[in-house]
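Enquirer: here is my input; please provide its structure:
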Amino acid sequence: MAQEASSQVGVFRKFKPHILMVLAQMGYTFLYFITEASFNHGMNPHVYITYRHIVSGVVMLPFAYFLERKERPKLTVALFLELFVLSLLGVGLTLNMYFASLRYTSPTFLASMVNTIASVTFVIAVALRLEALNLRNPRGLAKVLGTLVSLAGVMTMTLYKGPTVRNLWSPLIHIEGKSSIHENWLKGSILTVCSCITWSIWYIMQAITLKRYPAQLSLTTWMSFIGAAQSAVFTVCIEHERAAWTVGFNIDLWSILYAGVVCSGLIIFIQLWCTEEKGPVFVTMFNPVSTILVAILAYFVLGERLYIGSILGAAIVIVGLYLLLWGKEGDEVYIIKSEDSPSYQTYEEEKDDRITPVKKDALHGEP
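Expert: Numbering: from 1, shown residues only. As a prediction, this is how the structure comes out:
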């Protein structure tokens, strides 16, 4: 009985990052719709981003202060500048471009394009030697093939529509307010692509910063406050009406609270933890989950049109995701070292290396 319980705990620990990332993508799925409803209601995207991260910072601050008091590294000028750039890539620049593009495109298009982040992140991570890759190993080939297949699925969803799937029933939920602008699809696409590129760089930089500042709650709090300040300065420069900063007791308030507490707070903390455990590529691999969930909810609940191209692309993305996951699991099994090529360390090996000699002696029963 005890052995069975121990086995179940072991399985949970192994798949804990996978479960957390799926839950995170479910949280992002709801964000797409509540944000679009808020923007349709008249909420300014840049004001929304500023308020959202103020809420996140205020909520996360007590947890960061008390729970990481002993393990939080000292903040130096160089480290603060690094946090400033990290916040700019993750909040000030990226999110302002990303949510501005929602005014010109659609939630389904945004969710589809986000999947390119995994491919771009993988390429950058390999180039910077943050990701182990051995093309002579089947799992190494699976990671490359999975990235290409996922990208092909995303491009299929984006470029090929195909016949429309007939709606089975009338929409269960109607989003009130003026409809999204959607008048400049090219402008929205450019903003989305640029935000995906900076987002990929942000994921890579997270992995680098976590090595020097391994306090996920504190890092989440710093990014929230710094990102809110950056977004506020940007918003003041382009938005001169005071009325834009007014938020009533309506969908605007609920979208800010949800995005601040759940997405910019809890989910960012989960992503930082998973990045430290599994690496940045692992985190971005789960973006297709929200794409599929958004398409399903948009069709069955909101009554949006669903195209054959979206279904075909989603199926291809799932195949690519499974290939990537299988390849990533090889990082825990294979130690990729050879005399003729540079040696790589997986994230599991790096964590072992970060154990102090005193702790290693204790683990081996030595004084």
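
Enquirer: residues of stretch 186-197 that come out buried?
Expert: 188-189, 191-192, 195-197 (16 or more other C-beta atoms under 10 Å). Just so you know, the C-beta spots here come from the backbone N, C-alpha and C atoms, and that holds for glycine as well.

Enquirer: return the subset of those residues lying in helices.
Expert: 188-189, 191-192, 195-197 (DSSP state H).

Enquirer: okay, these in CSV with pLDDT and distance to residue 14 next?
Expert: Compiled in CSV, those are given as follows (pLDDT from 0 to 100; distance: C-beta to C-beta, whole Å):
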residue, pLDDT, distance to residue 14
188, 80, 40
189, 79, 39
191, 87, 39
192, 84, 35
195, 90, 33
196, 87, 30
197, 89, 33
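
Enquirer: got a markdown table for the residues you listed, with distance to residue 220 too?
Expert: What follows is those, written out as a markdown table (distance: C-beta to C-beta, whole Å):
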| residue | distance to residue 220 |
| --- | --- |
| 188 | 29 |
| 189 | 30 |
| 191 | 25 |
| 192 | 25 |
| 195 | 20 |
| 196 | 21 |
| 197 | 23 |
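
Enquirer: which one of these sits closest to residue 259?
Expert: residue 195 (15.9 Å; C-beta to C-beta).

Enquirer: any idea which of the buried residues of stretch 186-197 is closest to residue 288?
Expert: Distances from residue 288 to the buried residues of stretch 186-197, taken by C-beta to C-beta, are shortest for residue 196, at 13.5 Å.

Enquirer: could you pull out the helices for the stretch 101-250 of the chain?
Expert: Secondary structure of the stretch 101-250 of the chain (DSSP state H, counting those that start in this stretch): helices located at 107-113, 116-127, 138-159, 185-212, 216-238.

Enquirer: count residues in the vicinity of the closest residue to residue 44 other than its chain neighbours, would you?
Expert: Ranked by C-beta to C-beta, 6 or more residues apart in numbering and with sequence neighbours excluded, the top spatial neighbour of residue 44 is residue 244, at 4.6 Å. A count of neighbours around residue 244, defined by other C-beta atoms under 10 Å, yields 14.

Enquirer: most centrally placed residue in this protein?
Expert: By C-alpha atoms, centre = their mean, the chain has its centre lying nearest to residue 284, at 6.0 Å.

Enquirer: quick one: that residue from residue 125, how far?
Expert: 9 Å (C-beta to C-beta, to the nearest Å).

Enquirer: ok, residue 155 next?
Expert: According to C-beta to C-beta, residue 155 stands 21 Å off from residue 125.

Enquirer: between those two, which one's more packed in?
Expert: Taking other C-beta under 10 Å, residue 155 and residue 125 do not tie; residue 125 has more neighbours (21 against 16).

Enquirer: ok, the more buried one touching residue 282?
Expert: No. Between residue 125 and residue 282 there is no contact under C-beta atoms under 8 Å: 10.1 Å.

Enquirer: in this structure, where is pLDDT below threshold?
Expert: Applying pLDDT under 70 to the chain flags the ranges 1-5, 107-108, 111-112, 158, 167-185, 330-367.

Enquirer: how about the closest residue to residue 159 other than its chain neighbours, what does it touch?
Expert: For residue 159, ignoring the flanking residues on the chain, the nearest one in space by C-beta to C-beta, 6+ apart is residue 309 at 7.8 Å. For residue 309, the contact set (C-beta atoms under 8 Å, 6 or more residues apart in numbering) comprises 156-157, 159-162.

Enquirer: adding distance to residue 113 and neighbour count, write those out as JSON lines.
Expert: As requested, the contacts of residue 309 are exported to JSON lines (distance: C-beta to C-beta, whole Å; neighbours: other C-beta atoms under 10 Å):
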{"residue": "156", "distance to residue 113": "13", "neighbour count": "21"}
{"residue": "157", "distance to residue 113": "9", "neighbour count": "28"}
{"residue": "159", "distance to residue 113": "11", "neighbour count": "9"}
{"residue": "160", "distance to residue 113": "14", "neighbour count": "13"}
{"residue": "161", "distance to residue 113": "15", "neighbour count": "13"}
{"residue": "162", "distance to residue 113": "18", "neighbour count": "13"}
